[in-house]
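*Asks:* Any chance you could fold what I've pasted below:
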Amino acid sequence: QVQLVESGGGLVQAGDSLRLSCAASGRSFSNYRMGWFRQAPGKAREFVAGINWTGSLTYYTDSVKGRFTISRDNAKNTVLLQMNSLKPEDTAVYYCAAKLAPPYNSPRGYDTWGQGTQVTVSS
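*Replies:* Here you go, the predicted structure:
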């Protein structure tokens, strides 16, 4: 099983960019489908982006398409979420998550989670 630690959150203004990083430790990181979720106060957790084990396939929820990019480096055991053109509605705690079972583009089955990193976008 892998352990996940997110970093890179912060307070930015609308239109700015942030890059979130998820460092994984443990065995066989390249076997895992990886995803980014977010949860805003008073709202349900939302599946933002997913990536398959090779990094060749990605998924994005509609609200972030064209603005966010998920990527992974299996040699470095890391997953990144590049967030551009940030909006106040992107404000949330962002979580990195992992699962072994496919498909990468479904929020179901993610069973390993990081501690989360806060992203706040001011208007």
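*Asks:* In terms of pLDDT, where does residue 63 sit?
*Replies:* Listed pLDDT for residue 63 reads 97.
*Asks:* What count of nearby residues applies to it?
*Replies:* Residue 63 has 12 neighbouring residues, counting by other Cβ atoms under 10 Å. Backbone N, C-alpha and C define where each C-beta goes, glycine included.
*Asks:* quick one: it from residue 93, how far?
*Replies:* Remark: distance between residue 63 and residue 93 (Cβ to Cβ, to the nearest Å) = 16 Å.
*Asks:* residue boundaries of the strands in this protein?
*Replies:* 2-7, 10-13, 18-26, 33-39, 46-51, 58-60, 68-73, 78-83, 92-99, 112-113, 117-122 (DSSP state E).
*Asks:* Now do the residue nearest the centre of the chain against residue 94, distance only.
*Replies:* The chain has residue 36 as the residue nearest its centroid, 2.3 Å off, counting by Cα atoms, centre = their mean. Distance of residue 36 to residue 94, computed by Cβ to Cβ: 6 Å.
*Asks:* what's the overlap in contacts for those two?
*Replies:* Jointly contacting residue 36 and residue 94 under the rule Cβ atoms under 8 Å, 6 or more residues apart in numbering are 20, 48, 81.
*Asks:* who wins for most neighbours among these?
*Replies:* residue 81 (27 neighbours).
*Asks:* correct me, but it touches residue 48?
*Replies:* Yes: Residue 81 is within contact range of residue 48, at 7.5 Å (criterion: Cβ atoms under 8 Å).
*Asks:* Could you tell me which residues touch both of those two?
*Replies:* Joint contacts of residue 81 and residue 48 (Cβ under 8 Å, 6+ apart) are 36, 68, 94.
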